[in-house]
Every structure is written in structure tokens, then in C-alpha cells.
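[1] Structure, please.
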Amino acid sequence: MRILLFFDLPTLESEDLKEYRHFRKFLISNGFIMLQKSCYVKMLLNSTSTDNFLSKLNKNLPQKGLVQVITITEKQFQKMKTLVGQYNNTILDSDERIEIF
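    Prediction:
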């Protein structure tokens, strides 16, 4: 499963900018990968882990702005088409298990 997270946060005042940086660092430290400037994605194993993470996310939301999430399956995510530009596939972004011998 994937969580797609979209946000639009104010950055005009210094306190807002501080909150923006804190929220973005929270996302990155919790395994989110940036798709676009304000669109992040995270892979989770199942709906239980998704629900658990969403409750953690709710505790770390910024005071102002707009934050939206949608949960989709891996198959739906793989059907995403890039119309202009190039998807950064240099990041390990797969549900395959890595075995080291």
C-alpha cells in the first residue's frame, strides 16, 4: 500500500516557515519520498500499518495550511504515468525484499 500525502503550508512568517521545515523533516524521517515539491509518498505493508501511521501523522500535523492523504494499492501506484519530466527511480522504492548473502 502507498500513502500519497499532499500539503500546502504557509511560509510567509518565520514561525510558519519553522513549522513547514519541521513537518517536512518529520515526513522524510518517517520514510516519505518526495514525488513533487508538496507531494510525498510512503510505502506501507498493509492497512493496519497504514492506520497506525495515520494516527502518528495526526499527532504531528502543522497548525495552519492544508494536508491531505489518500491511500492506494501498489498496483494503482504502478499505473501512474509520467507525462512530462522524469520520475526519479534512483531511490530504492520497491516492495521487493533484499537478500544479502
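[2] for this structure, which spans come out with low pLDDT?
    Applying pLDDT under 70 to the chain picks out residues 87-101.
[3] What segments of it are helices?
    All helices of the chain, identified by DSSP state H, fall at 14-29, 47-58, 74-78.
[4] Would you mind writing the CA trace of the longest one as CSV?
    What it means is helix 14-29. These are the backbone C-alpha positions of helix 14-29, laid out as CSV (Å, rounded to 0.1, in the frame of the first residue of the first chain):
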residue,chain,number,x,y,z
SER,A,14,9.2,33.0,10.3
GLU,A,15,7.0,30.8,12.6
ASP,A,16,5.2,29.3,9.6
LEU,A,17,8.5,28.6,7.9
LYS,A,18,9.8,26.9,11.0
GLU,A,19,6.6,24.7,11.2
TYR,A,20,6.9,23.9,7.4
ARG,A,21,10.5,22.7,7.9
HIS,A,22,9.6,20.7,11.0
PHE,A,23,6.7,18.9,9.1
ARG,A,24,8.9,18.2,6.1
LYS,A,25,11.7,16.7,8.3
PHE,A,26,9.0,14.6,10.0
LEU,A,27,7.9,13.2,6.7
ILE,A,28,11.4,12.4,5.5
SER,A,29,12.5,10.9,8.8
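[5] Which positions in that helix come out as buried?
    Asp16, Glu19, Tyr20, Phe23, Arg24, Phe26, Leu27 (16 or more other CB atoms under 10 Å). Any C-beta I mention is one placed from the backbone N, CA and C, and that applies to glycine too.
[6] Tell me which of the helices of the chain sits nearest to Arg2.
    Minimum separation from Arg2 across the helices of the chain (CB to CB) falls at helix 74-78, 4.7 Å.
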